[in-house]
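S.K.: have a look at this prediction, sequence included:
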Amino acid sequence: MDGETNGGQQETQAQQEAKADGQEGQQREAQDQQEVGGSAGNDYEQQIAERDKRISELEAQVAEAAKNAETAEQLRGEIAEFRQASADARIDFKLQLAGCRNVKAARAILSDHGDDVDKLKEAEPWLFSAGGGNRAAQGGTTGLPNAGAAIDTEKTLRHWREVAGLTDRDEKKE
């Protein structure tokens, strides 16, 4: 009989466990139903509102990042322009130091010579003056008298009268 009692107890225990499992399942279903309706519905609306708020925050961050990207791109463009202008000015300066007669013409053909001023000067000597870029070595005058030099105005006046074909006698007759 002990075997029958044990068998009956096992059946009773299995039935109780099944009832407990069934009750737990029912309790879960009831909780799920409460979450969908009643107070859980307010939580759901609150969660949706929070998500909408978070979405708008993220959209604002995306817009901010886009503005920053546009600003960064614009600044990169300006930097590139300044670098190009600086490189152009540097080349112009090198050409002027080399004694270039026409910087614009030299710049037009400089790329054919690897952007090297010395190679350009070798290949196109007509574009450069013989004295190079050193103005002091070129000599020349300003048209003004030398500082500290004695000026003989009478001699200069006589010289210009002779050039004009006038003599001292012609001047006295007038």
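M.R.: That came through, no problem.
S.K.: count the neighbours of residue 103 for me.
M.R.: 16 (other C-beta atoms under 10 Å). (Glycine included, C-beta is placed from N, CA and C.)
S.K.: check residue 43 too.
M.R.: Applying other C-beta under 10 Å, we find 11 residues neighbouring residue 43.
S.K.: ok, residue 119 - how many residues close by?
M.R.: Neighbour count for residue 119, taken as other C-beta under 10 Å: 13.
S.K.: give me the pLDDT value at it.
M.R.: Listed pLDDT for residue 119 reads 91.
S.K.: same question for residue 174.
M.R.: At residue 174, pLDDT is 52.
S.K.: same question for residue 80.
M.R.: Model confidence at residue 80, given as pLDDT, is 90.
S.K.: can you confirm it is in a strand?
M.R.: No: read with DSSP: H, G, I helix; E, B strand; the rest coil, residue 80 is helix and lies in no strand.
S.K.: now it: how far from residue 73?
M.R.: Taking C-beta to C-beta, to the nearest Å as the measure, residue 80 falls 11 Å from residue 73.
S.K.: and for residue 109?
M.R.: In terms of C-beta to C-beta, residue 109 sits 34 Å off from residue 73.
S.K.: for residue 161, same thing?
M.R.: Counting by C-beta to C-beta, the gap from residue 161 to residue 73 is 74 Å.
S.K.: out of the two, which sits in the busier spot?
M.R.: Neighbours per residue (other C-beta under 10 Å) separate residue 161 from residue 73, with residue 161 holding more: 14 against 9.
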